[in-house]
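Peer 1: Take a look and give me a structure for this.
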Amino acid sequence: MPAQWATLLALSAIVSWLMMRAGLSASLLLGPLVAGIALATQRAAIKVPKIPFYTAQGVVGSMIATKVPPTIFIEIGKHWEMFTLAVLSVLLASCLLGYLLGRLQVLPNTTAIWGSFPGAATAMTLMAGSFGADTRLVAFMAYLRVVVVAVVASAVARYSLHVSSTHDIVHVLPSPVWFPPLQWEWLAATLAIVAVGIMIGLRFRIPAGPLLIPMALSIVLSHAGLVEITLPYWLLAASYALVGWTIGLRFTREVVSHAASAFPRVLLSTLALVACCGGFAAILVKVSGVDPLTAYLAMSPGGADSVAIIAAGAPNVDMPFVMSLQMARFLTVVLFGPAIARWMARSLQRSLVRKADRKAKRADAERRQAR
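Peer 2: Numbers count the residues shown, from 1 in each chain. Just a heads-up that it's a prediction; the model follows:
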């Protein structure tokens with residue numbers, strides 16, 4: 001066990017450093033994620049304990065709060081038509097792809113639908129098992145999408161740092177200050193908010209509560225002037241690593257082999273969803289006038305925490321807009337996802353039964369003609 005943790009830590013540091021040298025945003029998330037996948041597929045017996053993972057989610061939630069103004073719901077209310085269309089367009093595209101995977105019987109119909117929902121990967125995986133879906137395949141689809149979206153979004157963010165000009169100027173990410181001077185009382189207050197938020201989220205079994213409740217508490221208390229959210233870079237880096245490890249270590253060899261036959265088509269559907277969201281982002285740029293990177297991150301069908309980390313590391317991104325749209329879609333998926341999945345699964349099942357009946361009737365007719 002200690003040797004595996006040491007290997008994971010060392011590999012995470014190396015991959016993260018290489019990604020930072022390449023200028024990729026969220027390298028401190030993607031490095032541990034890649035390292036986790038590498039060890040998991042070699043049958044590593046380690047996993048991130050729940051409490052550290054919940055703590056990491058809470059810290060990321062508080063980080064999001066520092067980027068989101070208290071007027072988030074006012075902004076959504078002012079532009080509710082645009083937000084509604086943006087949320088529904090991504091949700092519709094993901095549902096259609098899930099339906100197609102089920103229709104082609106690439107995956108069991110319920111599993112295909114649950115696994116195709118955009119965002120809320122952990123919540124969807126946990127809820128899917130209660131509705132008859134194969135949680136292993138749902139997790140595979142959900143976290144594969146998180147990986148693909150994180151890599152593509154990081155590449156897009158990196159590309160946006162290059163400004164085309166006569167001299168081809170390249171903007172470089174600023175070096176982080178790992179150990180800044182701290183007001184320890186505010187750090188203690190921030191960690192207390194994280195702890196209380198996690199306990200509330202777990203006590204009332206709120207989907208993604210360890211992320212959402214600390215975020216909500218941090219927004220309310222910081223904008224009320226009661227606390228100054230303080231998150232040093234070393235704490236954020238540790239939290240990003242825990243999130244990346246948790247995702248990466250889920251990619252066990254058993255899960256990968258179980259989905260191996262479906263992998264090309266699942267990957268293709270994931271890339272298709274990312275491409276659709278890129279198209280929706282282009283429309284959003286035209287309609288709302290936001291910059292392309294902000295629109296792309298806002299429409300990305302990945303986890304809110306991954307997108308927040310990427311957006312936080314990219315310059316000139318309208319973080320409130322990105323997180324408003326991400327959270328609007330997240331809440332829509334969590335609140336209405338189960339009902340949508342049940343309805344689509346029943347519809348798909350009826351369609352498959354009718355298809356099987358037609359096939360059986362044709363086969364029966366052919367047998368009668370052969371006689």
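Peer 1: Could you pull up the residues touching residue 72?
Peer 2: Contact partners of residue 72, counting by Cβ atoms under 8 Å, 6 or more residues apart in numbering, are 219, 320, 323-324, 327. Using the backbone N, CA and C atoms, a C-beta is placed for each residue, glycine as well.
Peer 1: can you point me to the longest helix in the chain?
Peer 2: Looking across the chain with DSSP state H, the single longest helix is helix 319-370.
Peer 1: so for that helix, what's the average pLDDT?
Peer 2: The average of the pLDDT scores along helix 319-370 is 81.
Peer 1: Likewise for stretch 92-99?
Peer 2: Per-region confidence: stretch 92-99 scores 90 on mean pLDDT.
Peer 1: Next one: residue 225 relative to residue 267, how far apart?
Peer 2: Look at residue 225 and residue 267: by Cβ to Cβ, to the nearest Å, they are 48 Å apart.
Peer 1: Actually, residue 111.
Peer 2: Separation of residue 111 from residue 267 (Cβ to Cβ): 16 Å.
Peer 1: ok, now residue 328?
Peer 2: Separation of residue 328 from residue 267 (Cβ to Cβ): 27 Å.
Peer 1: follow-up on the earlier one: with neighbour numbers in mind, choose between residue 111 and residue 267.
Peer 2: Neighbour totals were compared for residue 111 and residue 267, and residue 111 leads with 27 against 14 (other Cβ atoms under 10 Å).
Peer 1: I'd assumed residue 46 was in a strand, is it?
Peer 2: No - in this structure, residue 46 is coil, not part of a strand, as judged by DSSP: H, G, I helix; E, B strand; the rest coil.
Peer 1: Distance of it relative to residue 358?
Peer 2: 50 Å.
Peer 1: Which one's more surrounded, these two?
Peer 2: Applying other Cβ under 10 Å to residue 46 and residue 358 shows that residue 46 carries more neighbours, namely 17 against 10.
Peer 1: The more buried one - nearest residue in space that isn't next to it in sequence?
Peer 2: residue 4 (4.9 Å; Cβ to Cβ, 6 or more residues apart in numbering).
Peer 1: how far is the helix or strand containing that neighbour from where the chain is centred?
Peer 2: For residue 4, the host element (DSSP states H and E) is helix 2-21. Here helix 2-21 is found 22 Å from its chain centre; the criterion is Cα atoms, centre = their mean, to the nearest Å.
Peer 1: What are the boundaries of the helices in the stretch 151-300 of the chain?
Peer 2: Using DSSP state H, counting those that start in this stretch, the helices of the stretch 151-300 of the chain run over residues 184-203, 209-223, 233-248, 253-258, 263-288, 292-299.
Peer 1: show me what contacts residue 233?
Peer 2: 176-180.
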